[in-house]
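Visitor: Take this sequence and fold it.
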Amino acid sequence: MEIDIAMNIFITLDYEIYFGENTGTVEKCIIYPTNELIKIANKHRVKFSFFIDCGFLIKLDEYRKKYPVLETDYRSVRTQLERLSNEGHDLQLHIHPHWEDSFYDGEKWRINVKRYKLSDFDQNEINDIIKRYKNKLMEFAGKPIIANRAGGWCLQPFDKLKNSLIENEVLIDSTVFKNGRYVSENYFYDFRNAPDKTLWHFENDPMEENEKGSFTEIPISSHKVSLLFFWKLFLLGRWNPYLHKPLGDGFPISAPGQRFRLLTSFTNQTVSIDGYNANLLQKALTGLVKKKIGNEFVVIGHPKALSRFSLVSVDEFIGNNKLQHNFTTYNQEYLPA
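Guide: This next block holds a predicted model:
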């Protein structure tokens, strides 16, 4: 009888507010759903990896002395991040550089996404952003920061980021997902040529494997999802909003044409714990084990996009798999001794 391979399962969360017209509150987008996740982690004695929106930390720190509500937000975030790190969860680098052009007007965050990608900045600005954002996160983590996830998956062209990431000793990337592609006015990523593996090394381009490369890519797992799935999600959200509505109270940045594409064709998606997507976790894991292309299964999520349904699904998924597979983090697996 053939024995299924044991996978290293990384449950990863992009820790951020919304970037649309209504960014939502720190309490409902970040603090509360993260606390609910940690209850699950403690129950099963597993650890998660959080990719922290470091630009937001910097902006909170900048404005908190002027606006008491932001002082409260800053203290809440700092307390939670320090707790996560102290309890053994990962805090890793997540860069949304649009914070360089965004500000708080006394009532709300005014988000400017004209420069949404790091590649929208010049080389000196890129070097400064990566260094400042990592140093800011170090204030909360107290541990080495070794992994990066590009904001909005906008990792390319990578050669503009390479030297600064090496200088700051961030040599693991976990941004790519096989066959992912999206192009709009402010977004760009194209991962269609990524290796069909769960881990590879590269140097100048994450699409080109190089065994002697400085960087390790641990891609987000992906799968093809039917349009019928998204129609079901669409209907469930209206039939039972209590169970399926996101816990966050903001709205995402506009993605022109995205909803139409999801409802009219098969699409390649990240394996996610956001909302009803969590219903596909076991199917995605089983499919990856059968492919035998590696030992890493990386799941993405966002505290703001979790739902009551997804929290239950994550709880069940971990419970059903923790004896056969290894739930782990980047620091647990790859932090130098």
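
Visitor: What ranges does the stretch 151-300 of the chain have for its strands?
Guide: 172-173, 181-183, 188-190, 200-202, 215-217, 222-225, 267-270, 296-301 (DSSP state E, counting those that start in this stretch).

Visitor: for the fifth one, packing partners?
Guide: Yep, that's strand 215-217 we're talking about. Counting contacts by 3 or more C-beta pairs under 8 Å, 6 or more residues apart in numbering; DSSP states H and E, strand 215-217 packs against strand 172-173, strand 200-202. (Each C-beta comes from the backbone N, C-alpha and C, glycine too.)

Visitor: Give the partner strands of the helix or strand containing Ile11 in its sheet and their orientations.
Guide: Taking DSSP states H and E as the criterion, Ile11 maps to strand 8-15. With DSSP bridges as the test, strand 8-15 is paired with strand 49-53 (parallel), strand 296-301 (parallel), strand 326-328 (parallel).

Visitor: could I have the first one exported to PDB, CA atoms only?
Guide: Just to be clear, that refers to strand 49-53. Provided in PDB are the C-alpha atoms of strand 49-53 (Å, rounded to 0.1, in the frame of the first residue of the first chain):
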ATOM      1  CA  SER A  49       3.100  32.900   9.700                       C
ATOM      2  CA  PHE A  50       1.900  36.500   9.500                       C
ATOM      3  CA  PHE A  51       3.100  38.800   6.700                       C
ATOM      4  CA  ILE A  52       2.900  42.200   8.300                       C
ATOM      5  CA  ASP A  53       1.900  45.300   6.300                       C
END
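
Visitor: which strands and helices sit next to the next helix-or-strand element following it?
Guide: Using DSSP H and E, the helix or strand that follows strand 49-53 towards the C-terminus is helix 54-63. Applying 3+ C-beta pairs under 8 Å, 6+ apart, one finds that helix 54-63 contacts helix 68-86, strand 90-95, strand 103-104, helix 123-141.

Visitor: so can I have CSV of these showing distance to Ile318, mean neighbour count and mean pLDDT?
Guide: Converted to CSV, the helices and strands packed on helix 54-63 look like this (distance: least, C-beta to C-beta, whole Å; neighbours: other C-beta atoms under 10 Å; pLDDT from 0 to 100):
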stretch, distance to Ile318, mean neighbour count, mean pLDDT
helix 68-86, 17, 16, 97
strand 90-95, 16, 26, 98
strand 103-104, 37, 16, 97
helix 123-141, 24, 17, 96
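
Visitor: would you list those in JSON lines and tack on distance to Glu209?
Guide: JSON lines is the format used below for the helices and strands packed on helix 54-63 (distance: least, C-beta to C-beta, whole Å):
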{"stretch": "helix 68-86", "distance to Glu209": "32"}
{"stretch": "strand 90-95", "distance to Glu209": "22"}
{"stretch": "strand 103-104", "distance to Glu209": "41"}
{"stretch": "helix 123-141", "distance to Glu209": "24"}
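
Visitor: I appreciate the help and will end here.
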